[in-house]
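>>> predicted model and sequence below, questions to follow.
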Amino acid sequence: MKALRRRVLQAALALCPLLWAAAPAHAQQDVLRVVTDATFPPMEFVDNGKLTGFDIELVEALAKVMGKKVEWTQIDFKGLIPGLVSRRYDMAVSAIYITDERRKVVDFGDSYYAGGLVTMVKADNTAIKTPKDLDGKQVTVQVGTKSVSFLKENYPAVKLVEVEKNDQMFNLVAIGRADAAVTGLPAAYQYVRTRGGLRVLPEQLTTEAYGMAVRKDLPEVTAALNQALAKLKADGTYDAIVKKWFSNN
Amino acid sequence: MDLDFSPVWANWPDLMRGALVTIEIVSVSLLCGCLIGLLVGIGRLDPRRRVVYGACSAYVAAIRGTPLLVQLFILFFGLPQFNIMLPAFVCGTIGLSVYSGAYVSEIVRGAIQSIDRGQVEAARSLGMPARMAMTSVVLPQAFVRMIPPLGNEFIALIKNSALVSLLTIHDVMHEGQKIISVSYRSLEVYLAIAVIYFVLTGATTYALRRIELRLRAGGMVQ
């Protein structure tokens, strides 16, 4: 028993350095520790083992201007804000809407993009040019989503076709059983980018501001972030990234 | 029925890497949990030693009485607010070990108390000190009786380990969720994850069964 105990202890001790080696590099001035929930294409996702997406590329470009290196950590969406409050990370970028509730615990940089509900039609559809043209048309939506209540309230003349899943919705429009689909902006452009055949109308039904959340005790990071964003918007880098992820071509 | 397992095969190396992380974190936690359980279980044998008994009982009550998710959350997001910043892997291991230790301690206590009092009395009357009677006579016999309930506990630990994906640890569950987010093949990916957990728990059950048979053949039970 004694020998066994000693061996167990030795094994435990031998494992200790392994544990500490797994520790993330400690806070450095030139490192920006960013968390994201990489399960939301095309905003942030893992493709062939590599973190990619609109948010990822934008943050990398911003950090370059700020002269910092990004250290990415992937976390569940509900861990994003707690990760900042606990000071484990400096910034959370994960298609987060700016809300007053969140503002109480974190700071937000200037909104870097507007999400919200958009309309999708077949790429060659010329009858529907703006959301107003939806009146009297068959519009497919996913049950239980915000699209349903929004259309009922604001576009009562629309004939709703409710389906269970996102891909059924796209499918109905693609085969012509529905005239249009109403869904969130990221999902819409993700479909257009990866499958094609549909296009997103330029006029959005609703807009909601995406913001990068920063720890409250790092106001200098928020300020630097806003400056860097303004610079990227001025020099065309921002437009190029937007075009890459959110366009009909 | 429209099942397409191609995302699972395409991302098989990621799932295997995740499974390896699950195995790592479970093995370390299992070892530490057993150690904690052994000490706490022995600490709860004698209510007359008030301080030890009280402390051990409070530990078991607090850990068994609160959700593991909350304990992990406190370790990972709570402690940093008191300037204790442990790496994710350490938080996960401590969380699972401490949680498992509480359950193991009851298994240990139950097994020890199930050993006939005559065994201790015989050992003591042969002149063995109390500690020796415990380590050389009672514990070896109790150990064989612990194996079936320990098997239960180890299996629970393996499956509970899926919760550490919340702490940025890329275990098999976390890898699976990443695959689902790009392929939208949730049923297929979750089925693959279920098979991986089944293999892990199956291997544990098999190993414990072998140990138990061996100990019984070695005559470590009346």
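All right, it came through fine. Numbering: from 1, shown residues only, chains lettered A, B, ... in the order given.

>>> how about low-confidence regions in chain B?
B:1, B:219-222 (pLDDT under 70).

>>> for chain A, same thing?
Using pLDDT under 70, chain A drops low at A:1-28.

>>> quick one: contacts for the most centrally placed residue in it?
Most central in chain A under Cα atoms, centre = their mean is residue A:95, positioned 3.0 Å from the mean C-alpha point. Residue A:95 makes contacts with A:40, A:43, A:44, A:55, A:115, A:186, A:210, as judged by Cβ atoms under 8 Å, 6 or more residues apart in numbering or on different chains. From N, CA and C alone the C-beta is placed, and that goes for glycine too.

>>> now, which of the residues you listed sits nearest residue B:8?
residue A:40 (20.7 Å; Cβ to Cβ).

>>> return the residues of chain B in contact with chain A.
When proximity is defined as Cβ under 8 Å from any Cβ of the partner chain, chain B approaches chain A at B:14, B:28, B:31-32, B:35, B:73, B:76-81, B:85, B:87-90, B:93, B:135-136, B:139-140, B:165-168, B:170, B:174, B:177-178, B:180-182, B:184.

>>> inside helices: which ones of those?
B:14, B:28, B:31-32, B:35, B:73, B:88-90, B:93, B:139-140, B:174, B:177-178, B:180-182 (DSSP state H).

>>> which of these are buried?
B:14, B:28, B:31-32, B:35, B:73, B:88-90, B:93, B:139, B:174, B:177-178, B:180-182 (16 or more other Cβ atoms under 10 Å in any protein chain shown).

>>> what about residue A:167, how many neighbours?
Under the neighbour criterion other Cβ atoms under 10 Å in any protein chain shown, residue A:167 is assigned a count of 15.

>>> that one and residue A:43, how far apart?
18 Å (Cβ to Cβ, to the nearest Å).

>>> swap in residue B:17?
Distance from residue B:17 to residue A:43, by Cβ to Cβ: 24 Å.

>>> who has more neighbours out of those two?
residue A:43 (27 against 16).

>>> against chain B, how distant is the residue lying closest to that one once chain neighbours are set aside?
Take residue A:43 and drop its neighbours on the chain: the residue closest to it by Cβ to Cβ, 6 or more residues apart in numbering or on different chains is residue A:95, 4.1 Å away. Counting by Cβ to the nearest Cβ, to the nearest Å, the gap from residue A:95 to chain B is 12 Å.

>>> help me confirm that residue A:95 is found in a strand?
No: counting by DSSP: H, G, I helix; E, B strand; the rest coil, residue A:95 falls outside a strand, being coil.

>>> phi, psi for it please.
phi 50, psi 50 (degrees, to the nearest 10).

>>> what do you get for residue A:108?
Dihedral angles (degrees, to the nearest 10) for residue A:108: phi -120, psi 140.

>>> buried residues in stretch B:105-124, which are they?
Of the residues in stretch B:105-124, those buried (16+ other Cβ under 10 Å) are B:105, B:106, B:107, B:108, B:109, B:111, B:112, B:115, B:120, B:123.

>>> domain parsing of chain A, as residue ranges.
A:26-114+A:208-245, A:117-200 (automatic domain parsing).

>>> tabulate those (a markdown table), appending distance to residue B:218.
Below are these laid out as a markdown table (distance: least, Cβ to Cβ, whole Å):
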| stretch | distance to residue B:218 |
| --- | --- |
| domain A:26-114+A:208-245 | 47 |
| domain A:117-200 | 58 |
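
>>> residues touching residue 39, list them.
Since no chain was named, I'll use chain A. By Cβ under 8 Å, 6+ apart, the neighbours of residue A:39 are A:45, A:77, B:177, B:178, B:180, B:181.

>>> to clarify, I was referring to chain B.
residue B:105.

>>> same question for residue B:185.
Contacts of residue B:185 (Cβ under 8 Å, 6+ apart): B:4, B:5, B:7, B:8, B:179.

>>> list buried residues within those residues.
B:7, B:8, B:179.

>>> excluding chain neighbours, what is closest to the last one?
Excluding the flanking residues, the one nearest residue B:179 by Cβ to Cβ, 6+ apart is residue B:11, at 4.7 Å.

>>> pretty sure the one you found is touching residue B:177, no?
No: counting by Cβ atoms under 8 Å, residue B:11 does not reach residue B:177; the two are 11.5 Å apart.

>>> and for residue 66, the neighbour number?
You didn't pick a chain, so chain A it is. 17.

>>> think we crossed wires, I meant chain B
12.

>>> Three-state assignment for it, please.
coil.

>>> phi and psi next, for it.
phi -130, psi 150.

>>> not counting sequence-adjacent ones, nearest residue to residue A:56?
Using Cβ to Cβ, 6+ apart, the nearest residue to residue A:56 is residue A:44, at 5.5 Å.

>>> nope, residue A:76 is what I was after
residue B:166 (5.3 Å).

>>> and that neighbour, what does it touch?
A:75, A:76, A:78, A:79, B:69, B:72, B:73, B:76 are the contacts of residue B:166 under Cβ under 8 Å, 6+ apart.

>>> if you set the cut-off to 7 Å instead, what comes out?
Going by Cβ atoms under 7 Å, 6 or more residues apart in numbering or on different chains, residue B:166 touches A:76, A:79, B:72.

>>> just give me the closest of the residues you listed to residue A:195.
Nearest member of the contacts of residue B:166 to residue A:195, counting by Cβ to Cβ, is residue A:76, at 27.6 Å.

>>> how many neighbours does the closest one have?
For residue A:76, using other Cβ under 10 Å, the count is 18.

>>> ok, so what distance separates it from residue B:167?
Taking Cβ to Cβ, one finds residue A:76 at 9 Å from residue B:167.

>>> pull the number of nearby residues for the residue lying closest to residue B:75 once chain neighbours are set aside.
Leaving aside its chain neighbours, residue B:75 sits nearest to residue B:91 (4.3 Å; criterion: Cβ to Cβ, 6+ apart). Residue B:91: 24 surrounding residues under other Cβ under 10 Å.

>>> and residue B:91, what does it touch?
B:72, B:75, B:76, B:167.

>>> ok, now with 6 Å
When contacts are counted by Cβ atoms under 6 Å, 6 or more residues apart in numbering or on different chains, residue B:91 is found next to B:75, B:76, B:167.

>>> pipe the contacts of residue A:95 into TSV and attach secondary structure per row.
Below are the contacts of residue A:95 laid out as TSV (three-state DSSP):
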residue	secondary structure
A:40	strand
A:43	coil
A:44	strand
A:55	helix
A:115	strand
A:186	helix
A:210	strand
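
>>> closest one of the residues you listed to chain B?
Minimum distance to chain B across these is 6.6 Å, recorded for residue A:40 (Cβ to the nearest Cβ).

>>> determine which two of the contacts of residue A:95 are furthest apart.
Farthest pair in the contacts of residue A:95, by Cβ to Cβ: A:44 and A:115, 13.1 Å.

>>> more neighbours: which of these two?
residue A:44 (25 against 19).

>>> contacting residues for residue B:201?
For residue B:201, counting by Cβ under 6 Å, 6+ apart, the contacting residues are B:155, B:158.

>>> what's the distance between it and chain A?
22 Å.

>>> what does residue B:46 give?
The value you get for residue B:46 to chain A, if Cβ to the nearest Cβ is used, is 20 Å.
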